[in-house]
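Novice: Just need the structure, nothing else, for what follows:
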Amino acid sequence: MSNHSHITCLADLADVALCPRLIIKVGSALLVDRGGARRAWLDALVAEIAAAKRRGQDVIVVSSGAIALGAGTLGLDKGGRGCLADAQAAAAVGQIALSGLWAELLGGHGLTAAQLLLTLEDLEDRRRYLNVTATLTRLLDAGAVPVINENDSVATQEIRFGDNDRLAARVAQAAGASAVLLLSDVDGLYDRHPSEPGAALLPVVKGVTPEIRAMASPLSGSGMGSGGMISKLQAAEIAEIAGIALAIGNGTKDQPIARVIAQGIGTLFLPRTDRARGRARKAWLGGRLRLKGSLTIDAGAAKALAQGSSLLARGITGIEGQFTRGDAVAICDAAGAVLAHGLSEYDAGECAALVGRHSSEHADILGYAPRSAIVHRDQLVMV
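Specialist: Residues are numbered from 1 along each chain as shown. Predicted coordinates for the structure are as follows:
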């Protein structure tokens, strides 16, 4: 729907032609201070969002802060994150205050706020993902500003994003956005820990490589949120698979969006332009966070996949996990590195029976006419 491929610098995020739809993620440390909302700061941010809307851009906000706000109201210690029950209770109270605040401040600029609370499963299940897409599209068409958060009152420890950085990247895929801006408590990605002498801000990153991952410090300055630089790099990977640009900027400054876009202070992760644009299903598959199992393959199969082939049983050397037909699985090389995500054509037991066997033998082993591949190339995306 939009021409993602030409965003090359931070200034492009304000260009309606290059970036018609922008996701802005706001961390809890920016929104909440000592248990209360930072209204003056938020008021200025909303003015920037209104300016983007006037330029003709669609804006979706991914807003943290419910747990931190609710913990203050309920008087819970550890910012409401002492245990899962505390976090869920704090979120239930804080989410009302948070959405009310966004509705009030956006309303002051004549904008309508809409609330969506999402769980990981809403975006991992294909049908629910498409439903989210339809809802977001309708809201944006009607001129609303969707404000999205994880549904922390029902999300469990196992089934959750755990940070809104990755949620923002997944929402960007579902919404067909051009770019994501993560507002954080740092200027962007540095080549080493920002406190070290000589640390340099990286303005542009072309692909999240092992070298780039090594630069991510596990230490986030705020201590309030749940995502550090590692989660931001994971978000950048999800975005780049879908051909979406992702920027990290410092939200603690006044007019943070202008500081990132107009002054160019931040880090821009360029999208992978090799991604075929209309392949929405592949973007969904590549960005999945929970996989039901894994298939280990030999070097010959790895080479075939890289050239666009389907995965055949004879190239598989090992299977892990309990999965059924249609489940998403990781496809790994002998060293355990994930090469691809794919939807399995067979359940785990059938796969185990077919491992290493030639396609011509499948009917005899299974007792029925087999499907052409274990993972068909149309249901497979290289990561």
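Novice: Next, please give the residue ranges for the helices of the stretch 151-300 of the chain.
Specialist: 164-175, 210-214, 229-241, 256-261, 280-286, 299-306 (DSSP state H, counting those that start in this stretch).
Novice: Would you indicate which residues of the longest one are buried?
Specialist: Right, helix 229-241. Residues of helix 229-241 classed as buried: 229, 231-241 (neighbour count, 16 or more other C-beta atoms under 10 Å). C-beta: built from backbone N, CA, C; applies to glycine.
Novice: Please apply the same query to stretch 38-57.
Specialist: When burial is assessed from 16+ other C-beta under 10 Å, stretch 38-57 yields the following buried residues: 38, 41-42, 44-46, 48-53, 57.
Novice: and the gap between residue 179 and residue 21?
Specialist: Applying C-beta to C-beta, to the nearest Å, one obtains 8 Å for the distance of residue 179 from residue 21.
Novice: Which one's more surrounded, these two?
Specialist: Under the criterion of other C-beta atoms under 10 Å, the comparison of residue 179 against residue 21 puts residue 179 first, with 27 against 21.
Novice: other SSEs contacting the lowest-mean-pLDDT helix or strand in the chain?
Specialist: The helix or strand of the chain with the lowest confidence, counting by mean pLDDT, DSSP states H and E, is helix 280-286 at a mean of 76. Contacts defined by 3 or more C-beta pairs under 8 Å, 6 or more residues apart in numbering; DSSP states H and E place helix 280-286 against helix 126-141, helix 164-175, helix 229-241, strand 338-343, strand 380-382.
Novice: For it, buried residues please.
Specialist: Buried residues in helix 280-286, counted by 16+ other C-beta under 10 Å: 280, 282-286.
Novice: Contacts for it, please.
Specialist: Helix 280-286 is contacted from outside by 126, 129, 173-174, 176, 238, 241-243, 275-276, 328, 341-343, 379-383, using C-beta atoms under 8 Å, 6 or more residues apart in numbering.
Novice: Stretch 84-95 too?
Specialist: By C-beta under 8 Å, 6+ apart, the residues outside stretch 84-95 that reach it are 65-74, 76, 78, 80-81, 117, 149, 152-157.
Novice: Mark which of these are part of helices, please.
Specialist: With helices identified by DSSP state H, the entries of the contacts of stretch 84-95 that belong to them are 66-74.
Novice: pLDDT below threshold where in the stretch 51-200 of the chain?
Specialist: Residues of the stretch 51-200 of the chain meeting the criterion pLDDT under 70: 157-159.
Novice: cutoff 90 now
Specialist: Counting by pLDDT under 90, the stretch 51-200 of the chain contains low-confidence residues at 77-84, 87, 119-121, 123-127, 130, 152-163, 185-186, 191-199.
Novice: Strands of that one, start to end?
Specialist: 58-63, 113-118, 145-150, 179-184 (DSSP state E, counting those that start in this stretch).
Novice: From those strands, pick the one with the highest average neighbour count.
Specialist: Relative to the other members of the strands of the stretch 51-200 of the chain, strand 179-184 carries the highest mean neighbour count by mean count of other C-beta atoms under 10 Å, namely a mean of 28.
Novice: Alpha carbons only: can I get it in PDB?
Specialist: The C-alpha coordinates for strand 179-184 follow below in PDB (Å, rounded to 0.1, in the frame of the first residue of the first chain):
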ATOM      1  CA  ALA A 179       8.000   3.200   9.800                       C
ATOM      2  CA  VAL A 180       8.200   2.800  13.600                       C
ATOM      3  CA  LEU A 181       9.600   5.300  16.000                       C
ATOM      4  CA  LEU A 182      10.600   3.900  19.400                       C
ATOM      5  CA  LEU A 183      10.900   6.800  21.900                       C
ATOM      6  CA  SER A 184      13.300   5.600  24.700                       C
END
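Novice: who touches it?
Specialist: Contact with strand 179-184 is made by 4, 7, 12-13, 19, 22-27, 30, 165, 168-169, 172, 220, 232, 235, 239, 244-251, 256-257, 260, as judged by C-beta under 8 Å, 6+ apart.
Novice: now the angle from it to helix 164-175?
Specialist: Using axes from the mean of the first three to the mean of the last three C-alpha atoms, to 10 degrees, the interaxial angle of strand 179-184 with respect to helix 164-175 works out to 160 degrees.
Novice: mind putting the buried residues of helix 229-241 in a markdown table, distance to residue 186 and pLDDT included?
Specialist: Converted to a markdown table, the buried residues of helix 229-241 look like this (distance: C-beta to C-beta, whole Å; pLDDT from 0 to 100):
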| residue | distance to residue 186 | pLDDT |
| --- | --- | --- |
| 229 | 7 | 87 |
| 231 | 13 | 88 |
| 232 | 9 | 92 |
| 233 | 13 | 92 |
| 234 | 16 | 90 |
| 235 | 14 | 93 |
| 236 | 14 | 94 |
| 237 | 19 | 91 |
| 238 | 20 | 90 |
| 239 | 18 | 93 |
| 240 | 20 | 90 |
| 241 | 24 | 86 |
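Novice: Can I get those residues in TSV including distance to residue 210?
Specialist: Listed next are those as TSV, based on distance: C-beta to C-beta, whole Å:
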residue	distance to residue 210
229	15
231	17
232	16
233	11
234	14
235	17
236	14
237	12
238	17
239	18
240	15
241	17
